[in-house]
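> Got a sequence here, can you model it:
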Amino acid sequence: MPLLPLSGKSLRLTRLSRPGDGKFLIVPMDHSVADGPIADATGFSRLIGDVVAAGADAVVVHKGRARTIEPGLLNGAALIVHLSASTPHAPDGDAKVLVGSVEEAVRAGADAVSVHINIGSDTEKRQLADLGTIAAGCERWGMPLLAMMYARGPRIQDPRDPALLAHVVSIAVDLGADLVKTVAAGSAEDMAGIVAKTPVPVVVAGGAGDGRSLTDFAHFAMDAGCRGLAVGRRVFHSPDPGAAVRALSAAVHAPRPQTAPNSTSLPELAGAM
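The predicted structure is shown next:
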């Protein structure tokens, strides 16, 4: 039987995993909209080069920043253009809005787009509509969609509650995401249960911890069955971003032992993006 041709989306999805093992180390660097500059112009280019050379599979930036990246700096890593934004200066910092389109990402040469959705926020209804709109555009243009899903807002008591996280992740799948990024549940069993219910890859946000080393966190997430990590601040705030990425890449792409997850608690992921 002849092989069916790959679609544009499936071709782009393969580029999100440089070793081709279906696992992903993503380094988000879109934080400058919410937090301010993470480096000066020269430093940002050097940061891109360092994380790519160290083994990052993909980087996440906004559309304007994507225009400043010299193509050679990516050197085999994928480009994800982030389409959502908010700042802490607004009345509601959980109110993510769309600031870009799939078409703009295509013109920028993106391999995927990402959107940020806060379930439980006062603007949840509009954010869900935005997710549906972007998912439709991704189907039209053959573009993979990474949905960054969080439980955040006045009605959320425990953003890492396993049942809540499972619901948040399932919303992304049902509305058309190809990959889902979220925070980790409090135990490996809980996270493994969430992953087992999810037919698309789940990557875990690796925000600020409470003492667990970045490598230990990475092994914890991968042993729970996650398909990768999305680590921004703990990379670009590291004294040696390249070393941080090399350690993460080894944890993500190394073969995992076939052992049952333990119940050791994960660190708090306050501020994970």
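
> thought residue 236 was touching residue 48?
No - assessed by CB atoms under 8 Å, residue 236 is found out of contact with residue 48, at 10.0 Å. Every C-beta, even on glycine, is put in place using the N, C-alpha and C of the backbone.

> Now for those two: what residues contact both?
With contacts defined as CB atoms under 8 Å, 6 or more residues apart in numbering, the residues shared by residue 236 and residue 48 are residue 29.

> The two - which one has more neighbours?
Neighbours per residue, other CB atoms under 10 Å: of residue 236 and residue 48, the larger number sits with residue 48, 26 against 21.

> Would you mind putting the CA coordinates of the helix or strand harbouring the more buried one into PDB?
Element membership for residue 48 (DSSP states H and E) is helix 41-54. Once side chains and other backbone atoms are set aside, the C-alpha atoms of helix 41-54 remain, and they are given as PDB (Å, rounded to 0.1, in the frame of the first residue of the first chain):
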ATOM      1  CA  ALA A  41      19.000  43.100  21.900                       C
ATOM      2  CA  THR A  42      22.400  41.500  21.700                       C
ATOM      3  CA  GLY A  43      21.800  39.400  24.800                       C
ATOM      4  CA  PHE A  44      18.500  38.100  23.400                       C
ATOM      5  CA  SER A  45      20.200  36.900  20.200                       C
ATOM      6  CA  ARG A  46      22.900  35.300  22.300                       C
ATOM      7  CA  LEU A  47      20.300  33.600  24.500                       C
ATOM      8  CA  ILE A  48      18.500  32.100  21.500                       C
ATOM      9  CA  GLY A  49      21.800  30.800  20.100                       C
ATOM     10  CA  ASP A  50      22.800  29.300  23.500                       C
ATOM     11  CA  VAL A  51      19.600  27.500  24.100                       C
ATOM     12  CA  VAL A  52      19.400  26.200  20.600                       C
ATOM     13  CA  ALA A  53      23.000  25.000  20.600                       C
ATOM     14  CA  ALA A  54      22.300  23.300  24.000                       C
END
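
> Am I right that residue 137 sits in a helix?
Yes - membership of residue 137 in a helix is supported by DSSP: H, G, I helix; E, B strand; the rest coil.

> How far does the helix holding residue 48 sit from its chain's centre?
Here the centre of helix 41-54 is set off from its chain's centre by 19 Å, with CA atoms, centre = their mean, to the nearest Å.

> got the residue ranges for the helices in the stretch 151-273 of the chain?
Listed in chain order, the helices of the stretch 151-273 of the chain (DSSP state H, counting those that start in this stretch) span 162-174, 188-196, 214-223, 233-236, 241-253.

> want to throw the ones you listed into TSV with distance to residue 7 and mean pLDDT?
Converted to TSV, the helices of the stretch 151-273 of the chain look like this (distance: least, CB to CB, whole Å; pLDDT from 0 to 100):
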stretch	distance to residue 7	mean pLDDT
helix 162-174	19	97
helix 188-196	25	96
helix 214-223	28	92
helix 233-236	31	93
helix 241-253	25	96
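
> Distance to residue 154 for these - can I get that in CSV?
Conversion of the helices of the stretch 151-273 of the chain to CSV gives the following (distance: least, CB to CB, whole Å):
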stretch, distance to residue 154
helix 162-174, 14
helix 188-196, 24
helix 214-223, 28
helix 233-236, 25
helix 241-253, 34
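
> Relative to residue 94, which of those helices is closest?
Ranking these by proximity to residue 94 (CB to CB) places helix 162-174 first, at 13.6 Å.
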